[in-house]
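Asks: quick one: sequence plus predicted model below, questions after.
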Amino acid sequence: MEFRTKKEIQVINSLKEKGFEEDIIRRALKRTNSYDENELVECIAELLNNPQLIDEEEKEKQRLLDQIKERKLEQLREKEYLERIKQRIAESRLDKPKIMVEESEVQKTKPVFGECTVKVRYEEKSVILHLNKDDTVEVLRNKVKDAFSIKNFKMRIFNPSKELINDSENMNEAGLVPNGVVIIE
């Protein structure tokens, strides 16, 4: 439903009384943007004498309607596509096995290999060594020799930053319990 002003309604009724059809009056109003009856009558005469003007307007109107339909169709396709993607995501979530472990089921266990885990870095390599907390730095030094096949080296830790030079010091005293990182220089 179109909104019409009182003036527009008066002009339409006046021109209808003179024998013009409402459709052609509305076209003239649209083309002229005027309520002057003389100007509107001239425009109506031009439209009636040149039917191709009406055809062009109809074609433009149809073209705009087609564009609107195409946009709506494209939006519908996009919506369907998004729905299919959502459906696939939902299906893939259902397919994945869900493993839920309650905290009460989880039991803390002692490390299998010892009470102390030390990550040792040398050049581009690193190894993880497992020791007991009572093992000495000398035991660590021997394991490093075996792991990297090296003879002369220095061992350094960073937290607190110090060099491990006392071979009789145990892992706890060296600050490597329960775990630590040793850099070989």
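Replies: On my side now, so go ahead. Since this is a predicted model, take the numbers as computed values, not measurements.
Asks: could you pull out the strands for this structure?
Replies: 116-122, 125-131, 155-158, 161-163, 179-184 (DSSP state E).
Asks: could those strands go into TSV alongside mean neighbour count?
Replies: The way it works is simple: take the backbone N, C-alpha and C, and place the C-beta from them, glycine included. Output for the strands of the chain, formatted as TSV (neighbours: other C-beta atoms under 10 Å):
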stretch	mean neighbour count
strand 116-122	18
strand 125-131	15
strand 155-158	16
strand 161-163	10
strand 179-184	17
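Asks: dump those to JSON lines, plus mean pLDDT and distance to residue 54.
Replies: Conversion of the strands of the chain to JSON lines gives the following (pLDDT from 0 to 100; distance: least, C-beta to C-beta, whole Å):
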{"stretch": "strand 116-122", "mean pLDDT": "90", "distance to residue 54": "86"}
{"stretch": "strand 125-131", "mean pLDDT": "90", "distance to residue 54": "85"}
{"stretch": "strand 155-158", "mean pLDDT": "89", "distance to residue 54": "88"}
{"stretch": "strand 161-163", "mean pLDDT": "88", "distance to residue 54": "91"}
{"stretch": "strand 179-184", "mean pLDDT": "90", "distance to residue 54": "87"}
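Asks: residue 139 is nearest to which of those?
Replies: strand 125-131 (6.4 Å; C-beta to C-beta).
Asks: just the helices in this protein please.
Replies: Here the chain has its helices, by DSSP state H, at 6-17, 22-32, 37-49, 51-95, 137-148, 171-174.
Asks: pick the most deeply packed of those.
Replies: helix 171-174 (a mean of 19; mean count of other C-beta atoms under 10 Å).
Asks: got the CA coordinates for that helix in CSV?
Replies: Taking Å, rounded to 0.1, in the frame of the first residue of the first chain, the C-alpha atoms of helix 171-174 are listed here in CSV:
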residue,chain,number,x,y,z
MET,A,171,69.3,-34.2,43.3
ASN,A,172,67.2,-32.5,46.0
GLU,A,173,70.1,-30.3,47.2
ALA,A,174,70.9,-29.4,43.5
